[in-house]
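A.B. asks: quick check, what structure comes out for this input:
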Amino acid sequence: MHSGIWLFGAFIAAVMFSQGSCIETVIGLYGETIEVPCNNGNNKPDGLIFTKWKYVKDDGTPGDLLVKQAQKDEAIMSATDGYKNRVSIADNSSLLITQGMLADQRVFTCMVVSLTNLKEYPVEVKVYKKPSVPVIKNKAKELENGKLTKLGDCVVESVNPAAELIWMKNNQPLVDDGKTIIITSTVTKEPATGLSSTSSSLQYTARKDDMTSQFTCIAKHVLVPNQVSAPETFQIHYPTEKVSLQVVSQSPIREGDNVTLKCQADGNPPPTSFNFNIKGQKVTVTNKDVYTLTGVTRADSGLYKCSLLDKEEMESTQIITVSFLDVSLIPTGKVLKMFGESLVVSLEKNASTEAKVTWTKDNRKLENLPIFSKLTYADAGLYVCDVSIEGIRRSLSFELTVEGTPRILSLTKHRSNDGKNKILTCEAEGLPKPDVQWSVNGTNDEMSYVNGKAIYKLTVVPSKNLTVTCHVTNKLGFDMKDISVFSLFKEETSNPEKNEYGAEQAKLIVGVVVGIFLAAALVGLIYWLYIKKSRQGSWKTGEKEAGTSEESKKLEENNHKADV
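C.D. replies: Numbering: from 1, shown residues only. I've put the predicted structure just below:
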């Protein structure tokens with residue numbers, strides 16, 4: 001009797017203590033097993049008799065779930081409603097609820113009874129359900145520029161608690177301003193499950209630059225990170241405000257090219273037909289936006305236009321310039337001229353822009369147009385003239401040949417290095433290449449021929465003094481020249497080189513002596529004439545000379561001797 005009263009008093013005290021304490025909260029996931037702890041596992045005091053789980057029904061009345069005695073392994077099921085097949089107790093005395101649902105959001109109480117005490121531990125259970133990825137539904141087919149239009153609905157279904165939806169454009173949140181952007185959100189509950197569905201409707205005033213904008217919807221929920229819908233883009237409908245004419249052919253445009261004109265409008269949807277004004281003539285194209293000019297000429301240069309069919313004042317223009325280059329060169333081909341003649345080279349050009357001219361001779365660059373006032377053999381060669389403007393190049397050429405009769409420039413001799421031979425060198429010019437003939441035989445003939453100049457060499461061993469002739473000839477004529485060559489044998493016995501020089505010196509001395517004699521004779525003659533004139537002058541005066549007769553005789557004798 002006393003023990004029963006004591007147990008009842010302990011029960012009342014425990015209940016009063018529990019009511020004054022804070023209630024623990026547990027969050028379970030929808031559809032999964034919910035574990036409700038009993039005093040966080042610290043629930044097996046000394047003298048434990050049993051553990052009991054109970055709950056508050058929807059009508060506020062208490063309900064028992066199950067009881068587990070301390071000395072037994074199996075719990076005794078007390079529940080008679082929907083929990084009968086869904087609840088169990090774990091080894092740590094936690095309540096296990098399978099297939100969690102929103103109806104499980106209530107307070108469950110764990111009561112622990114021992115020989116000395118009775119305690120209750122209430123736990124509030126909340127059941128959450130993860131949101132799925134939001135989906136944009138009821139999308140608009142197109143948006144009209146400047147007009148408020150419903151873009152679509154963002155929806156997240158079967159969630160607990162309800163998700164918050166945020167509209168985004170290019171990853172930036174859209175804010176309801178009541179005019180250009182209006183966002184309306186609604187939350188509904190499914191009758192069968194009690195889960196919430198959130199829908200957010202967006203009305204948006206589009207602009208032309210929204211053609212590339214991406215719209216998304218974000219679902220915010222306490223249980224998971226933000227979920228983002230797939231991005232959506234929309235066609236923006238707007239009328240044409242600008243027409244553009246483009247020349248899509250390669251630049252520069254040359255005579256003979258095909259030129260394509262393309263007319264574009266900024267409207268959406270874009271126009272599909274246009275008028276082209278081809279140098280004053282209107283041409284209409286339908287279901288395309290291009291017109292092609294084939295094989296253009298310089299006469300096709302000018303102003304071109306395109307416009308809308310229904311609004312011709314909305315037009316665009318382009319100026320087309322056809323590049324051209326005409327070049328004339330005189331002379332061309334093979335040119336044959338004679339040595340010493342003149343040659344006039346003229347270049348005429350007509351181009352759409354300033355032309356660049358370069359000259360080369362035998363692949364070597366020349367500074368200017370070649371001028372030939374008096375042709376030489378070195379002027380012969382291939383002359384190429386390149387004339388160019390952007391995109392066009394013309395190349396013309398002439399090959400100049402200079403011919404002339406042979407002419408010997410020099411004929412020389414010198415002793416070989418070993419002193420045993422005489423080497424004769426005959427240098428001549430002419431074209432075609434002259435042939436050479438020597439008046440004597442020799443050995444080791446050598447020949448070179450460059451730019452109309454030929455060098456011939458002949459090695460001889462003269463045994464006597466010779467006069468050697470170099471004779472050169474081609475189809476146009478000939479030339480010849482002589483040279484004296486002294487005997488190599490005599491030169492070797494008496495210093496040949498010195499003999500040659502001595503002979504020349506002897507000739508010079510003889511000439512000098514002869515000149516002196518002639519000068520003396522001339523002086524004597526002049527003196528004689530002078531004396532003779534003097535005597536004749538005395539006779540003419542008739543003057544009598546003073547002096548004796550003996551002096552006169554002596555004077556006559558002296559004059560007689562002078563005459564002899």
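A.B. asks: low-confidence ranges, the stretch 151-300 of the chain, go.
C.D. replies: Filtered on pLDDT under 70, the stretch 151-300 of the chain yields no residues whatsoever.
A.B. asks: what does the chain give?
C.D. replies: Per-residue confidence of the chain (counting by pLDDT under 70) places the weak regions at 1-21, 444, 489-517, 519-521, 523-564.
A.B. asks: do you have the helices of it handy? List them.
C.D. replies: Listed in chain order, the helices found in the chain under DSSP state H are 2-20, 488-493, 496-541, 549-563.
A.B. asks: flag every buried residue along stretch 91-102.
C.D. replies: Residues of stretch 91-102 classed as buried: Ser93, Ser94, Leu95, Ile97, Gly100, Met101, Leu102 (neighbour count, 16 or more other Cβ atoms under 10 Å). Where you see a C-beta, it was placed from the backbone N, CA and C, and this is true even at glycine.
A.B. asks: of those residues, closest to Pro434?
C.D. replies: Comparing the buried residues of stretch 91-102 against Pro434 with Cβ to Cβ picks out Gly100 as the nearest, at 121.6 Å.
A.B. asks: contact partners for the closest one?
C.D. replies: When the contact criterion is Cβ atoms under 8 Å, 6 or more residues apart in numbering, the partners of Gly100 are Gly28, Leu29, Tyr30, Gly31, Glu32, Thr33, Ile34, Val127.
A.B. asks: my read: the last one touches Val36, true?
C.D. replies: If I follow you right, that is Val127. No. Between Val127 and Val36 no contact is recorded; they are 11.6 Å apart, counting by Cβ atoms under 8 Å.
A.B. asks: how much space between Trp359 and Val335?
C.D. replies: Distance from Trp359 to Val335, counting by Cβ to Cβ, to the nearest Å: 15 Å.
A.B. asks: the strands in the stretch 351-500 of the chain, which residues?
C.D. replies: Using DSSP state E, counting those that start in this stretch, the strands found in the stretch 351-500 of the chain span residues 356-361, 364-366, 381-389, 392-415, 422-431, 435-438, 443-450, 453-460, 466-474, 477-485.
A.B. asks: just name the most buried of those strands.
C.D. replies: strand 422-431 (a mean of 22; mean count of other Cβ atoms under 10 Å).
A.B. asks: how about that one as PDB, C-alpha atoms only?
C.D. replies: Output of strand 422-431 as PDB, limited to C-alpha atoms (Å, rounded to 0.1, in the frame of the first residue of the first chain):
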ATOM      1  CA  LYS A 422     105.900  34.700-124.900                       C
ATOM      2  CA  ILE A 423     102.100  35.100-124.100                       C
ATOM      3  CA  LEU A 424     100.100  37.300-126.500                       C
ATOM      4  CA  THR A 425      96.700  38.600-125.400                       C
ATOM      5  CA  CYS A 426      94.200  39.900-127.900                       C
ATOM      6  CA  GLU A 427      91.200  41.600-126.300                       C
ATOM      7  CA  ALA A 428      88.200  42.300-128.600                       C
ATOM      8  CA  GLU A 429      84.500  43.000-128.500                       C
ATOM      9  CA  GLY A 430      81.600  42.000-130.700                       C
ATOM     10  CA  LEU A 431      78.500  40.000-131.000                       C
END
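A.B. asks: so what strands line up beside it?
C.D. replies: strand 392-415 (antiparallel), strand 453-460 (antiparallel) (DSSP bridges).
A.B. asks: closest to Lys72 out of the strands of the stretch 351-500 of the chain?
C.D. replies: Once the strands of the stretch 351-500 of the chain are compared by Cβ to Cβ, strand 392-415 is nearest, at 108.6 Å.
A.B. asks: can you give the distance of that closest one from its chain's centre?
C.D. replies: 47 Å (Cα atoms, centre = their mean, to the nearest Å).
A.B. asks: domains in this structure, by residue range?
C.D. replies: By the record's domain assignment, the chain is partitioned as 2-128, 135-237, 243-323 (automatic domain parsing).
A.B. asks: out of those, nearest to Asp435?
C.D. replies: In this view, the domains of the chain are compared for proximity to Asp435 by Cβ to Cβ, and domain 243-323 is the closest at 53.4 Å.
A.B. asks: span of that closest one from start to end?
C.D. replies: 27 Å (Cα to Cα, to the nearest Å).
A.B. asks: Asn138 and Cys154 touch, don't they?
C.D. replies: No. Because the distance of 9.9 Å does not satisfy Cβ under 8 Å, Asn138 is recorded as not touching Cys154.
A.B. asks: tell me which of these two has more neighbours.
C.D. replies: It is Cys154, of Asn138 and Cys154, that has more neighbours when counted by other Cβ atoms under 10 Å, with 27 against 12.
A.B. asks: so who does the more buried one touch?
C.D. replies: With contacts taken as Cβ under 8 Å, 6+ apart, Cys154 has the following neighbours: Pro134, Val135, Ile136, Lys137, Leu165, Trp167, Ser199, Ser200, Ser201, Leu202, Cys217, Ser229.
A.B. asks: distance of the residue nearest to it when sequence neighbours are not counted from Pro134?
C.D. replies: Closest residue to Cys154 in three dimensions, ignoring its sequence neighbours and counting by Cβ to Cβ, 6 or more residues apart in numbering: Cys217, at 3.5 Å. When Cβ to Cβ is the yardstick, Cys217 and Pro134 sit 5 Å from each other.
A.B. asks: which residues do the two both contact?
C.D. replies: Taking Cβ under 8 Å, 6+ apart as the contact criterion, the residues that touch both Cys217 and Pro134 are Cys154, Leu165, Val228, Ser229.
A.B. asks: from those residues, which is closest to Asp46?
C.D. replies: Each of the shared contacts of Cys217 and Pro134 was checked against Asp46 using Cβ to Cβ; the closest is Leu165, at 55.0 Å.
A.B. asks: what pairs with the closest one across the strands?
C.D. replies: With DSSP bridges applied, Leu165 shows beta-bridge pairing to Ala219.
A.B. asks: from memory it sits against Thr186, does it?
C.D. replies: No. With contacts defined as Cβ under 8 Å, Leu165 does not count as touching Thr186, sitting 10.1 Å away.
A.B. asks: find residues that contact each of those two.
C.D. replies: Here Leu165 and Thr186 have Thr198, Ser199, Ser200 as joint contacts, going by Cβ under 8 Å, 6+ apart.
A.B. asks: the second one bridge partners, please.
C.D. replies: In this structure, Ser199 bridges to Val155, Thr186 when assessed by DSSP bridges.
A.B. asks: got a winner among the shared contacts of Cys217 and Pro134 for most neighbours?
C.D. replies: Most surrounded of the shared contacts of Cys217 and Pro134: other Cβ under 10 Å gives Cys154, at 27 neighbours.
A.B. asks: measure that residue to Ser197 for me?
C.D. replies: Note on Cys154: its distance to Ser197, by Cβ to Cβ, is 11 Å.
A.B. asks: for Gly47, same thing?
C.D. replies: Distance from Gly47 to Ser197, by Cβ to Cβ: 52 Å.
A.B. asks: with Leu95 instead?
C.D. replies: Distance check for Leu95 against Ser197: by Cβ to Cβ, it reads 30 Å.
A.B. asks: cool, Gln172 as well?
C.D. replies: Gln172 sits at a distance of 26 Å from Ser197 (criterion: Cβ to Cβ).
A.B. asks: what do you get for Ile278?
C.D. replies: The separation that Ile278 has from Ser197, given Cβ to Cβ, amounts to 63 Å.
A.B. asks: how far does stretch 413-431 stretch from start to finish?
C.D. replies: Distance across stretch 413-431, first residue to last, is 25 Å (Cα to Cα).
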